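> Model the following, please.
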Amino acid sequence: MQLCGISTRSDTSNQLALRQYLSHFSRIDLDETSLEPRLGIDGTPCIRPVVQNTSVKLIHRAVELGYAEWNPSSGMLDLDTWMIQLMYSQRPTEDYAAPQTASTTTSIAVPQARLKLPWLQMIAALFVMAAAALLFQLSRLSSLMIRRSSIAGLLNSDVRSKLRGIAIPTVGALQIAHTDIQAVAFLRTTEQYGHNGWRIIGRNSEQVRCSIDDGTACIDVDLTHANVHFSNRVSIYNGIPGEHLGRTPYMDDTKIVFQYIPVGAVVTLIGTLVPHDTCYRAMKNVHVYDGDERAEVRVLKFRVLLCIAVLLVLSVLMFILRPGR
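Sure, this is the predicted structure:
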C-alpha cells in the first residue's frame, strides 16, 4: 500500500534507497492506528505510518532524507503535512522543492511577509536628536567661554560674568570629619557594605558664605544654591581616612567620600550673582569650579565633536537611502 502525500523520485538509486530505508521498520515498530488505510484524492487507499511511541512520520523522514518528494495527488494530506509540504516548496534547494505535476490544477499563493523598517524616517529622527544635542552642548560651551571680568567691574553690573579669586569663609569653615581639612563647600556620599555589595545610604552637600578676592576688590557670596564642581576628594573607611583598595570589606562596613573645595582655594564663578542684603547670592544657574573650568570645557568640546561626527554619518546615510536612488 502506498504512502500518503509523497511519491518516489524518478532515479533508480533514490527508489532503492527508499525501499532500504522502509525495510528497517517492521509492523511492530509502527503505531497500529497509523497503519489504517485512508482514501486519497483519486480514491486509492494509502497509509501514513508513525514510529511507535514517537511523533516521527515516515513520509516526513523520507522527504527530509531526499528519498521522496511531496506530491498531494498521490494521497490525502493532513493539515500539518500540507504545511510542511508548503514549507519545503518555498526552499530554494531543488531537492526539496515541491514537484509541479500535471494533475495539480489548483495553485495556492502564500504571501511572504517582509518586515520593512522605515530606515529613512529613523535616521531623520536621529539626525534631529543629534542636532538638538549639538545645540545644547554649544550653548553650555558658549556660557563657559565668556571673558573673565574683575570683581571691581561687577559691583556696578548685573549681567552674566566670570569671576576668579581666592575663597575664604566669612564666618566659619566646614570641617571634613576625621580629618584636619577645612572647606568652603563639600559633597558627602555615604556607602555601606551589604549582601549586594556597596550601596549608597546618604548624600548631602554643604556650602558656606565666603569672601571672593581677586586683587581688585572683595565680595561676599552665598554659595548655598550654586552648582558646585569639585576636584578634590578624600575617603573615610570605617572612620579612618584613606582609600579602601586592597581591603576585604565586611558586613556593615561604611565608607564616606568627601568631594570638597578647601579653604583658600582659587575658585571660578560663572553666572549672574544677585545682590542680597549685605552679600551676593549665587543661584542654581551659577557654576562654581574648584580652580578653573578648563576640564569642563574639554569635555564639552569632545561632546561637540562627537555630535558633529554623528551628524556627518547620518547625513551620508540619508544621502544613500534617499528615495529614487
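
> after the lowest-mean-pLDDT helix or strand in the chain comes which helix or strand?
The weakest-scoring helix or strand in the chain, judged by mean pLDDT, DSSP states H and E, is helix 79-89 (a mean of 58). Next along the chain after helix 79-89, taking DSSP states H and E as the criterion, comes helix 119-144.

> Show me which residues of that next one are buried.
123, 126-127, 130, 133-134, 137, 140-141, 143-144 (16 or more other C-beta atoms under 10 Å). Quick note: C-beta positions are derived from backbone N, CA and C, even for glycine.

> Tell me which helix or strand F302 sits in.
helix 294-320.

> Mind giving me the packing neighbours of that helix?
Contacts defined by 3 or more C-beta pairs under 8 Å, 6 or more residues apart in numbering; DSSP states H and E place helix 294-320 against helix 119-144.

> Give me the packing partners of the helix it packs on, helices and strands only.
Checked by 3+ C-beta pairs under 8 Å, 6+ apart, helix 119-144 has helix 294-320 packed alongside it.

> for the record, mean pLDDT for the helix it packs on?
Per-residue pLDDT values over helix 294-320 give a mean of 92.

> mind checking how far the residue positioned nearest the centre of the chain is from R38?
Nearest residue to the geometric centre of the chain (C-alpha atoms, centre = their mean): L126, 14.9 Å. Distance of L126 to R38, given as C-beta to C-beta, to the nearest Å: 59 Å.

> How about D29?
For D29, the distance to R38 - C-beta to C-beta - is 20 Å.

> Ok, R160 next?
89 Å.

> what does D180 give?
In terms of C-beta to C-beta, D180 sits 96 Å off from R38.

> So which of these two has more stuff around it?
Shown here are D180 and R38; by other C-beta atoms under 10 Å, R38 has more neighbours (13 against 7).

> Just list the residues touching the nearest residue in space to I151 that is not next to it in sequence, thanks.
Once flanking residues are discounted, I151 sits nearest to A217: 4.1 Å by C-beta to C-beta, 6 or more residues apart in numbering. Residues near A217 by C-beta atoms under 8 Å, 6 or more residues apart in numbering: 150-152, 154-155.

> Just the buried ones among those, please.
151, 154.

> which one of the contacts of A217 sits closest to T272?
L154 (10.0 Å; C-beta to C-beta).

> unless I'm mixing things up, the closest one is touching T272, no?
No. Using C-beta atoms under 8 Å, L154 makes no contact with T272, being 10.0 Å away.

> Pull up the overlap in contacts between those two.
Here L154 and T272 have S161 as joint contacts, going by C-beta under 8 Å, 6+ apart.

> circling back to that earlier point, farthest pair in the contacts of A217?
Across these (C-beta to C-beta), the longest gap, 9.5 Å, separates S150 and L155.

> for the lengthiest strand in the chain, packing partners?
Counting residues, the longest strand in the chain under DSSP state E turns out to be strand 182-194. For strand 182-194, the packing partners by 3+ C-beta pairs under 8 Å, 6+ apart come out as strand 161-169, strand 174-175, strand 197-207, strand 254-262.

> Output the helix or strand just after the third one as CSV, restricted to C-alpha atoms.
Of the helices and strands lying after strand 197-207 in sequence (DSSP H and E), the nearest is strand 209-213. What follows is strand 209-213, C-alpha atoms only, in CSV (Å, rounded to 0.1, in the frame of the first residue of the first chain):
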residue,chain,number,x,y,z
ARG,A,209,29.2,82.1,52.7
CYS,A,210,32.7,83.1,51.6
SER,A,211,34.6,86.1,50.6
ILE,A,212,36.0,86.1,47.0
ASP,A,213,39.0,88.3,46.4
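
> Point out where the stretch 1-150 of the chain drops to low pLDDT.
Scanning the stretch 1-150 of the chain for pLDDT under 70 picks out 40-43, 72-115.

> Go again with 50.
94-110 (pLDDT under 50).

> Next up, the contacts around the residue nearest to V310 when sequence neighbours are not counted.
Leaving aside its sequence neighbours, V310 sits nearest to A130 (C-beta to C-beta, 6+ apart; 4.6 Å). Residues near A130 by C-beta under 8 Å, 6+ apart: 307, 310-311, 314.

> repeat for D290
229-232, 261, 265, 267.

> Repeat the analysis, applying 10 Å as the threshold.
Counting by C-beta atoms under 10 Å, 6 or more residues apart in numbering, D290 touches 167, 183-185, 228-232, 259-262, 265-268.

> Right, I'll leave it there.
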